[in-house]
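Participant: How does the following fold in three dimensions:
(chains A and B)
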Protein chains: 2
Amino acid sequence: MIAVTPNIALDRVLERIEVLPDQERPIGDALDHILSEEVHSPIQIPSFDNSAVDGYAVRASDIGESQGLTVVGDVRAGDLCTCEVAQGTAVRVMTGAAIPTGADAVIPYERTRETSELEDVPESAPMTTRIPGRVFIEDEVAAGVNIRRAGEDVAEGSRLFRPGHALGPSEIAVLAAIGRATVRVIPKPKVAVVATGDELVDPGAELPPGKVFNSNGYAIAALVARVGGDLSFCGIARDSAGELIARLEQVAEQSDLVVTTGGASRGVYDIVSKIGSSEWLVEPLAVRMRPGKQLVIGWLPFSARRPVPFIGLPGSPVAAMVGFELFVRPAIMRMRGMTDVEPAVVSAIAAEEFPNTMGVISFLRVRITVRAGQYYVSSGGAGRSHGLRSLLGATGLAEIPADGGIGEGEPVRVRLTGWSGLPVQSAPPADERRRLFTD
Amino acid sequence: MIAVTPNIALDRVLERIEVLPDQERPIGDALDHILSEEVHSPIQIPSFDNSAVDGYAVRASDIGESQGLTVVGDVRAGDLCTCEVAQGTAVRVMTGAAIPTGADAVIPYERTRETSELEDVPESAPMTTRIPGRVFIEDEVAAGVNIRRAGEDVAEGSRLFRPGHALGPSEIAVLAAIGRATVRVIPKPKVAVVATGDELVDPGAELPPGKVFNSNGYAIAALVARVGGDLSFCGIARDSAGELIARLEQVAEQSDLVVTTGGASRGVYDIVSKIGSSEWLVEPLAVRMRPGKQLVIGWLPFSARRPVPFIGLPGSPVAAMVGFELFVRPAIMRMRGMTDVEPAVVSAIAAEEFPNTMGVISFLRVRITVRAGQYYVSSGGAGRSHGLRSLLGATGLAEIPADGGIGEGEPVRVRLTGWSGLPVQSAPPADERRRLFTD
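Facilitator: Residues are numbered from 1 along each chain as shown, chains lettered A, B, ... in the order given. Model prediction:
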């Protein structure tokens, strides 16, 4: 088995990963996808001069007439505007309504006084009777006030997005506003998660002696969902080459990526690392890191459709999650069309000593706190354990270098993982985005 | 209409909002939900003493025997362990396998030398023939090495989570590991988004003169998805009380919250603010802020099921999104069972002047950047516009106080919104979580 650094292992993973073929999606289903087309606006926005407020469209030079202006019409948003504002007249306009010919400013209701209050007129009355006869405006206004000019926001034909642009709520709003019902994007990869091992039992079942519940399948499935993968399968395969291959064949048919946990080391029964040992397809690696030194990468050629990339993670729950973070997350991000697959990393201060006597880089589950703009990390007691408890409350992976570790108060680099608790809606940019580990 | 501060408006919204009734969900569908039960572990983890490595289970006092140890058995993960390690013997164990009686340490393969290499034995050979006869171990080891003791990670009966705990991938892993197939959580609220206005046209259609494409519906739907709401409807209702009420009746039946855009101001045709004007149910507010001063809050009693809370946002795209951020996001968070509904806020430096002559608090779309650990915000040119372009690239809302604005280089408080681009997977904690605006 080849022993490699984490960086080299990641390169070996990523050289098997390609951006998925793009597809046309309705904009209502395109949130958080990456654009694959260049988007130009087929219209100008606003598409016509319109009012920024509810009020009266006037000629600015008429303002101040003590006898007021005669109200000659009424335009709602969406109405075709047929009336005209001649000298000494005004037209009532709603926000978004087209500006009548002749008008060059709109005065908001609040700054006007009308001869009849709107509230005096029943809503059921015909529209014309609801127009007050005269309106009085005392403030002076400049021409152009409260008019949104056609094209002032977006010019017809202007380029709004290039391929690779990520679609958040703002981008969806703009696509809708220019009339796009669908858009070409990179889809979310379908990811199968197969936990291997004769010792695994599904949660909810009885636990016979010597067995453990399958937590890896659910943990990796949750991480897949968080990075925008679309789970195509989540289940168990037993430690027999026949069953494993049958299962992988089945899930590869419906997946863009297959992830296994367990069976990745050199034990006699570590079946995942051996299924392709006589072929070029599956390659077990020993990664110079803890936890998660075992990694298997390859292709599943069983699928008639096309070879499906395959990543085998270790069976220990914490090692599987660390392996996901380092190797599977960037693979899924690349499949989704994200060009920057590096993790968000911050520089923090070690709130306690983090020794490392393993001779290789260690990734420690840590809690991140902030005081006076400075990040601090601690293991919260549980972080020293390699068990499940070390996962709870941990929102980062700290890189503890091989050369003896990190002392209390020393700087430490931390990858933001968000494993514990809810995802955040937004964050200020990380200090940097890059691979956490150095060779 | 009542003019209120943003804080009071938010209080008026939240006093109508309750946590949804909890439900039992499979753990595979419980990610990013809030627990409503206290979780104790029904088992200890590990549930039995097991090996942390692939290697040989031995008596530590036997190590160093020059003639080696006789290998008497082989235990895989998941096997019942029937063999015993007597003096001078060893049992081969896989990671996770139960520790045989008599053994008190496990020596990893890498530190052993065997009389026959595993590779010499065909995989098809019966298990016993694949056990090498003798194993040589030269390093001294302490008793207990590489053994994970039963219960060392989680004690039977120990409390793991209280109600209110948020389920991330770590928590899902732990729930699976203790054998939970389902868990009681607060569901995600079903949210209907109704864009109102005769001027609205669905994207993809022809755009007649005077009309605009419905972008609000799609923008608000995207924001609902981002905050963990479950979209139950997204469409248009016309500016007629009859059509609007029929639409709201229909969507309220299948929703926990109804959000409208448009028709919220005092214009004659602003139908949303008037549908309940003769009743106590719908209350139009004027909020002392820009953009988004119009807000309508209330109940939809049309539903036979129960009153459904209702929030009417303004019709201007930017104002609708700002209104969502301030009033709808916290409502959805509270429905989901999140106790802290305050937004994440950071303190930044204004990279340009942000004047405010409006007499009320202004929320400006800004880009957030970081240099040397300090956040800076700028409008990127587009931020000064109130149009759609101001949304692109904006990841925060800066609070520009009413008293004249903020000068270049001065501190400014910024709410993290993540409107533009992809959501982040994780983030260091914000400086604080609290309402951005002050009265």
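
Participant: List the buried residues in stretch A:13-21.
Facilitator: Buried residues in stretch A:13-21, counted by 16 or more other C-beta atoms under 10 Å in any protein chain shown: A:V13, A:L14, A:R16, A:I17, A:V19, A:L20. In this view, the C-beta of every residue, glycine as well, is placed from N, C-alpha and C.

Participant: From these, pick the one nearest B:G387.
Facilitator: Proximity to B:G387 was ranked across the buried residues of stretch A:13-21 by C-beta to C-beta; first place goes to A:V19, at 32.4 Å.

Participant: So if we follow the domain assignment, how does chain A break up?
Facilitator: Chain A resolves into domains spanning A:2-21+A:187-335, A:24-46+A:152-186, A:50-148, A:344-433 when parsed by automatic domain parsing.

Participant: Stretch A:78-91 - what's its average pLDDT?
Facilitator: With pLDDT averaged residue by residue, stretch A:78-91 scores 88.

Participant: Could you give the separation of it from the chain centroid?
Facilitator: For stretch A:78-91, the separation from the chain centroid amounts to 46 Å (computed by C-alpha atoms, centre = their mean, to the nearest Å).

Participant: so where's the longest helix in chain A?
Facilitator: Longest helix of chain A, by residue count under DSSP state H: helix A:241-253.

Participant: what's downstream of it, the next helix or strand?
Facilitator: Counting by DSSP states H and E, the next helix or strand C-terminal to helix A:241-253 is strand A:257-261.

Participant: packing partners for the helix or strand immediately after that following strand in the chain?
Facilitator: Where DSSP H and E defines the elements, the next helix or strand beyond strand A:257-261 is strand A:282-287. Helices and strands touching strand A:282-287, as assessed by 3 or more C-beta pairs under 8 Å, 6 or more residues apart in numbering or on different chains; DSSP states H and E, comprise strand A:2-4, helix A:6-14, strand A:294-300, strand A:308-313.

Participant: I'd like those as TSV, with mean pLDDT and distance to chain B appended.
Facilitator: Formatted as TSV, those follow (pLDDT from 0 to 100; distance: least, C-beta to the nearest C-beta, whole Å):
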stretch	mean pLDDT	distance to chain B
strand A:2-4	85	11
helix A:6-14	93	17
strand A:294-300	86	10
strand A:308-313	92	13
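
Participant: most tightly surrounded among the ones you listed?
Facilitator: strand A:308-313 (a mean of 26; mean count of other C-beta atoms under 10 Å in any protein chain shown).

Participant: can you list contacts of it?
Facilitator: A:13, A:16-17, A:216, A:220, A:248, A:252, A:255-264, A:272-273, A:282, A:284, A:292, A:294-300, A:319-320, A:323-324, A:327-328, A:331 (C-beta atoms under 8 Å, 6 or more residues apart in numbering or on different chains).

Participant: tell me which residues in stretch A:199-213 are buried?
Facilitator: In stretch A:199-213, counting by 16+ other C-beta under 10 Å, buried: A:E199, A:L200, A:V201, A:P203, A:G210, A:K211, A:V212, A:F213.

Participant: List the contacts of the last one.
Facilitator: Shown here is A:F213, whose contacts under the criterion C-beta under 8 Å, 6+ apart are A:L200, A:V201, A:D202, A:P203, A:L207, B:A176, B:A177, B:I178, B:G179.

Participant: Thought A:V346 was touching A:V377, still the case?
Facilitator: No. If you go by C-beta atoms under 8 Å, A:V377 and A:V346 don't touch, sitting 9.2 Å apart.

Participant: shared neighbours of those two, anything?
Facilitator: Common neighbours of A:V377 and A:V346 (C-beta under 8 Å, 6+ apart) are A:I368, A:G396, A:V414.
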